[in-house]
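*Asks:* 3D model of this:
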Amino acid sequence: MAKKGKKLRDAASKVESRPYELAEAIELLKSFDTAKFDETVELSMRLGVDPRHADQMVRGTVLLPHGTGKSKRVLVIADGEPMKQAEDAGADIVAGEEIVAKIMGGFLDFDAVVATPSMMRVVGRLGRVLGPRGLMPNPRTGTVTMDVATAVKEIKAGKVAYKVDKTGIVHGPVGKKSFDQQVLLENTQSLIDSILKAKPPGAKGKYIRSVHLSSTMGPGIRVEMAG
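*Replies:* Below you'll find the model as predicted:
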């Protein structure tokens, strides 16, 4: 097992075993000196669901009020007028069905994919490539749409898509460590509220099992959460 670095050990030693109020957890996280770069702050929520059952799947999107602090490269797969709309909206890559072969060949220089409904007949072939990376366009997340301009603008503005993984945990970025404490608080609360609203009909018992906040190189901090 790899040894933890001194900075991580020092930070971990400051974290008590008790759960913290959200504002208190953010304040503690920002006090850590764990990396020389601006770390991403991530929320992790363990849910009382079994994602193997369709009626217990948790997924959704939320537009963080202050963005994620990361500029996302957006690929739009379309044809006709939506291609121009995507370009005008600031999409980094706009392409037709020819991009499918390129992606199958290993091209993955993008962070989000938007497609028009008519292009899903060819985009569907990319499920094995894009699916495991969380990049497959989906109507539920607003990434399969004729309104590609709005989709691009929302992604650029800080729209976060989340989906429960096979262990029942939802992960999502809420900003950068350099963000003001209040900004991180509002972003994190927005993601929490969205996940609470996404509670599936098949969820039984306690929905929120545990909540943790962490930075890229920092230790996890348990957050007090009812649910």
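*Asks:* Now stretch 96-113: buried residues?
*Replies:* 99-100, 103, 110, 112-113 (16 or more other CB atoms under 10 Å). Just so you know, the C-beta spots here come from the backbone N, C-alpha and C atoms, and that holds for glycine as well.
*Asks:* Could you do stretch 43-52 as well?
*Replies:* 43, 45, 47, 49, 51.
*Asks:* Out of these, which is nearest to residue 215?
*Replies:* Nearest to residue 215 among those is residue 43, at 11.2 Å by CB to CB.
*Asks:* which residues touch that closest one?
*Replies:* Residue 43 makes contacts with 171-174, 188, 191-192, 211-213, as judged by CB atoms under 8 Å, 6 or more residues apart in numbering.
*Asks:* okay, those in JSON lines with neighbour count and secondary structure next?
*Replies:* Below are those laid out as JSON lines (neighbours: other CB atoms under 10 Å; DSSP: H, G, I helix; E, B strand; the rest coil):
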{"residue": "171", "neighbour count": "15", "secondary structure": "strand"}
{"residue": "172", "neighbour count": "23", "secondary structure": "strand"}
{"residue": "173", "neighbour count": "19", "secondary structure": "strand"}
{"residue": "174", "neighbour count": "28", "secondary structure": "strand"}
{"residue": "188", "neighbour count": "24", "secondary structure": "helix"}
{"residue": "191", "neighbour count": "22", "secondary structure": "helix"}
{"residue": "192", "neighbour count": "21", "secondary structure": "helix"}
{"residue": "211", "neighbour count": "25", "secondary structure": "strand"}
{"residue": "212", "neighbour count": "19", "secondary structure": "strand"}
{"residue": "213", "neighbour count": "22", "secondary structure": "strand"}
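*Asks:* hmm, which two among the residues you listed are most spread apart?
*Replies:* 173 and 211 (15.0 Å).
*Asks:* Would you point out which residue is most central in this protein?
*Replies:* Closest to where the C-alpha atoms of the chain average out (CA atoms, centre = their mean) is residue 172, at 3.9 Å.
*Asks:* For the protein, just list every one of the helices.
*Replies:* Taking DSSP state H, the helices of the chain run over residues 6-13, 22-31, 81-89, 98-104, 120-123, 127-130, 148-157, 181-197.
*Asks:* Distance check, the spatially closest residue to residue 27 that is not a sequence neighbour against residue 28.
*Replies:* By the measure of CB to CB, 6 or more residues apart in numbering, the closest residue to residue 27 outside its immediate chain neighbours is residue 181, 6.0 Å from it. Separation of residue 181 from residue 28 (CB to CB, to the nearest Å): 10 Å.
*Asks:* where does the chain dip in pLDDT?
*Replies:* Filtered on pLDDT under 70, the chain yields the residue ranges 1-4, 226-227.
*Asks:* closest to residue 15 among the buried residues of stretch 96-113?
*Replies:* residue 112 (32.8 Å).
*Asks:* which ones are touching that closest one?
*Replies:* The contact partners of residue 112, by CB under 8 Å, 6+ apart, come to 72-75, 135, 143, 155, 161.
*Asks:* can you check residue 157 too?
*Replies:* By CB under 8 Å, 6+ apart, the residues touching residue 157 are 63, 67.
*Asks:* Equivalent analysis for residue 199, please.
*Replies:* 58, 207.
*Asks:* same question, residue 224
*Replies:* Contacts for residue 224 (CB under 8 Å, 6+ apart) come out as 19-22, 211.
*Asks:* Which members of the residues you listed are the farthest-apart pair?
*Replies:* Greatest spatial distance among the contacts of residue 224 (CB to CB): 21 and 211, at 11.3 Å.
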